[in-house]
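Trainee: take a look and give me a structure for this.
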Amino acid sequence: MPDPIDITPEERAALYFLPPSVGGKIVPEELQQRLQDKGFATAPREDGRRWLTELGDEIRRGRR
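Mentor: Numbers count the residues shown, from 1 in each chain. Here you go, the predicted model:
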């Protein structure tokens, strides 16, 4: 059984908006950094956007 995931409802909801898209909801930088610190999002890439990690995608899809 996998370890429990430490994620708040606000963080879980933000996973649906990464990477940010034109006209999409803006996730505050502080929240994006928390997701990165927990291993759910990447560091900002060349274009300045963060993407989900495999773990972040599993959580977003409800698999964890």
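Trainee: going by C-alpha atoms from here, please, whenever you check contacts or count neighbours.
Mentor: Noted.
Trainee: now do the residue positioned nearest the centre of the chain, the pLDDT please.
Mentor: Central residue of the chain (Cα atoms, centre = their mean): Leu15, 4.0 Å from the mean position. For Leu15, the model assigns a pLDDT of 97.
Trainee: mind listing what it touches?
Mentor: Residues near Leu15 by Cα atoms under 8 Å, 6 or more residues apart in numbering: 52, 56-57, 60.
Trainee: just the ones of those in strands?
Mentor: Among those, no member falls in strands (DSSP state E).
Trainee: out of those, which is most surrounded?
Mentor: Counting by other Cα atoms under 10 Å, Gly56 has the largest number of neighbours within those, with 24 neighbours.
Trainee: out of everything not next to it in sequence, what's closest to that residue?
Mentor: Leaving out its chain neighbours, the residue that sits closest to Gly56 by Cα to Cα, 6 or more residues apart in numbering is Phe40, at 4.0 Å.
Trainee: how close does the one you found sit to Leu15?
Mentor: Here Phe40 is placed at a distance of 8 Å from Leu15 (Cα to Cα, to the nearest Å).
Trainee: now the top helix by length along the chain: buried residues?
Mentor: Looking across the chain with DSSP state H, the single longest helix is helix 29-37. Going by neighbour count (16 or more other Cα atoms under 10 Å), the buried part of helix 29-37 is 32-33, 35-36.
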